[in-house]
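Asks: I'd like to go over a predicted model; first the sequence, then the structure.
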Amino acid sequence: MKLILLTSLLALALPLFGLAQSTTHDALTAAAETTTQAAGKSAKALEAVKSTSKTIKALSKSLTTKGTLNSKDKSDLTEATDQAKAALAAAKEANVAAVAAFHASVEAYDKVRGAVNNTETSEDPIEKVRLEATRKIAESSKDAAGQTQLRAAQAVLKNDTVIAQAQQVVQHLEEVRVATDAGERKTKMALAVTASEQTVATEQAANKLVDAAAGAATTIADSPKGAANSSIGVPKLIGSRNIKFGIGFGGSYNMNQTYSYSLGASSNAATNYALTRERLTPYAGVVSGIVAYNKTAYYFRKFDSEGNPIGEPEPDPYWLSALLAVNLADFTAAGEGFNRKLDLGIGVGIRFDEHFQLGVFLEGTSQRFLRDYYLQFLSNPVPDYKTNTFLTSLNPSDDNYFVSRTVLSVGFKLIYMLTADRPKEKDEVKVRAELTDAQ
């Protein structure tokens with residue numbers, strides 16, 4: 001009886017709980033939104049510093065180390081400096097977002113902690129249940145709110161370091177420009193390379209921290225029942241796998257008129273050999289090996305409260321593919337074409353899912369054609385100028401009578417992809433390790 005009464009009171013209390021906790025819920029939602037925005041800014045900053053580091057490394061190898069800088073060196077140096085300044089601006093923007101995320105997470109944590117420490121009691125049974133439910137939910141959210149606050153604070157500190165390092169990169173590049181001594185220029189360029197590498201490493205650490213903060217904040221904002229629940233946090237890019245292999249089944253239509261040629265019975269009984277031809281069907285049914293370029297990125301999208309990924313990597317593919325086909329087998333009469341050679345085709349495919357695509361192809365086939373001169377002898381014997389008699393057989397490999405030409409076809413194929421739709425194993429292992437190290 002007591003259990004039934006308590007259950008009824010709790011059911012009545014939940015709507016009141018939602019109203020009473022609106023302030024806490026709003027703070028948690030704000031923390032989730034700002035940390036997610038900070039994660040996006042951090043990801044952009046990371047890409048910017050990586051690109052800058054790559055440019056500077058290439059410049060260090062091509063830059064003239066003797067004498068004065070030539071015009072190409074100056075142009076490349078200006079481009080690298082502008083890129084470094086853009087990366088610095090992106091790092092500053094990421095830091096502003098991280099500071100905002102930290103302030104929002106502090107407010108959320110304070111609200112949750114206040115609800116946990118609330119000792120208010122009531123004689124009203126419904127109010128009593130509401131207060132108890134408030135404390136229980138707040139207690140289950142406290143750890144995740146604390147993690148959000150901690151990771152956001154750590155991200156701010158890392159971003160401060162990133163900005164300082166990015167400023168050093170810009171400074172060293174400007175010093176390279178004005179250096180008059182080749183030795184000094186080489187030294188300053190080496191310092192710029194080192195500073196850019198340090199910037200990338202520090203920004204990667206900052207990115208992990210803000211991702212962890214966003215994951216924890218999203219967990220408690222979406223499901224305030226407990227930090228141990230899984231959540232859909234900020235997706236973590238694992239890598240990409242763009243080249244895939246498969247097998248295609250379909251047909252093609254030959255856009256040229258093709259024939260097979262032979263020497264048969266002649267109306268001239270004295271020679272009894274006449275040139276005849278038979279039109280080949282333009283349709284073909286083929287099995288093809290397929291190489292597909294389908295731009296596909298892979299992400300971890302679900303994380304536990306500790307920031308560990310849950311489940312398998314999820315693909316984010318582009319819907320179109322570039323295709324290359326090699327026809328392996330032909331099961332129709334067209335496949336018995338007159339001295340037919342290897343078929344190759346290029347096309348585009350529409351991706352339906354991880355296994356199936358539909359492709360349209362333009363295919364080219366090298367075939368042997370009777371030279372135009374000898375077409376005048378259709379239904380008649382063909383002179384053999386070597387012996388001053390008539391031909392009694394035709395050999396397609398004889399270039400005196402035959403020539404190679406490319407025949408074009410259009411085709412459609414249903415493609416089954418054999419390559420597993422998941423990231424490269426080394427990329428997945430690396431990202432899992434990075435997420436573990438960020439905890």
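Replies: Done, it's in. The structure presented is a predicted model; accordingly, all values stated were derived computationally and were not measured.
Asks: what secondary structure does the residue nearest the centre of the chain sit in?
Replies: Taking C-alpha atoms, centre = their mean as the criterion, Ala297 is the residue nearest the geometric centre of the chain, at 2.3 Å. With DSSP: H, G, I helix; E, B strand; the rest coil as the basis, Ala297 sits in strand.
Asks: just the pLDDT for it.
Replies: Per-residue pLDDT puts Ala297 at 87.
Asks: show me the beta-bridge partners of it.
Replies: Ser240, Asp316 (DSSP bridges).
Asks: quick check, it in contact with Pro315.
Replies: Yes. Between Ala297 and Pro315 there is a contact at 7.5 Å, judged by C-beta atoms under 8 Å. Glycine gets a C-beta too; all of them are placed from N, C-alpha and C.
Asks: surely Ser321 is in a helix?
Replies: No. Applying three-state DSSP, one finds Ser321 to be strand, outside a helix.
Asks: pLDDT score for it?
Replies: Confidence at Ser321, expressed as pLDDT, is 94.
Asks: tell me who's in contact with it.
Replies: For Ser321, the contacting residues are Ala292, Tyr293, Asn294, Val348, Gly349, Ile350, Arg351, Gln357, Gly359, by C-beta atoms under 8 Å, 6 or more residues apart in numbering.
Asks: can you say which of the residues you listed are buried?
Replies: Among these, the ones that count as buried by 16 or more other C-beta atoms under 10 Å are Ala292, Asn294, Gly349, Arg351, Gln357, Gly359.
Asks: mind picking the two most distant members of these?
Replies: Spatially, the most separated pair among those is Asn294 and Gly359, at 11.1 Å (C-beta to C-beta).
Asks: mutual contacts of these two, please.
Replies: Ser321, Gly349.
Asks: from Ala213, how far out is Glu107?
Replies: 14 Å (C-beta to C-beta, to the nearest Å).
Asks: ok, Ala86 touching Val49?
Replies: No. The pair Ala86 / Val49 is not scored as a contact, 9.9 Å apart, by C-beta under 8 Å.
Asks: about what we covered before: and which of the contacts of Ser321 is nearest to Ser62?
Replies: Tyr293 (30.0 Å).
Asks: quick revisit: now pLDDT and distance to Leu157 too, for the contacts of Ser321, in JSON lines please.
Replies: Output for the contacts of Ser321, formatted as JSON lines (pLDDT from 0 to 100; distance: C-beta to C-beta, whole Å):
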{"residue": "Ala292", "pLDDT": "95", "distance to Leu157": "45"}
{"residue": "Tyr293", "pLDDT": "94", "distance to Leu157": "42"}
{"residue": "Asn294", "pLDDT": "91", "distance to Leu157": "41"}
{"residue": "Val348", "pLDDT": "96", "distance to Leu157": "49"}
{"residue": "Gly349", "pLDDT": "96", "distance to Leu157": "48"}
{"residue": "Ile350", "pLDDT": "95", "distance to Leu157": "48"}
{"residue": "Arg351", "pLDDT": "94", "distance to Leu157": "43"}
{"residue": "Gln357", "pLDDT": "96", "distance to Leu157": "47"}
{"residue": "Gly359", "pLDDT": "96", "distance to Leu157": "52"}
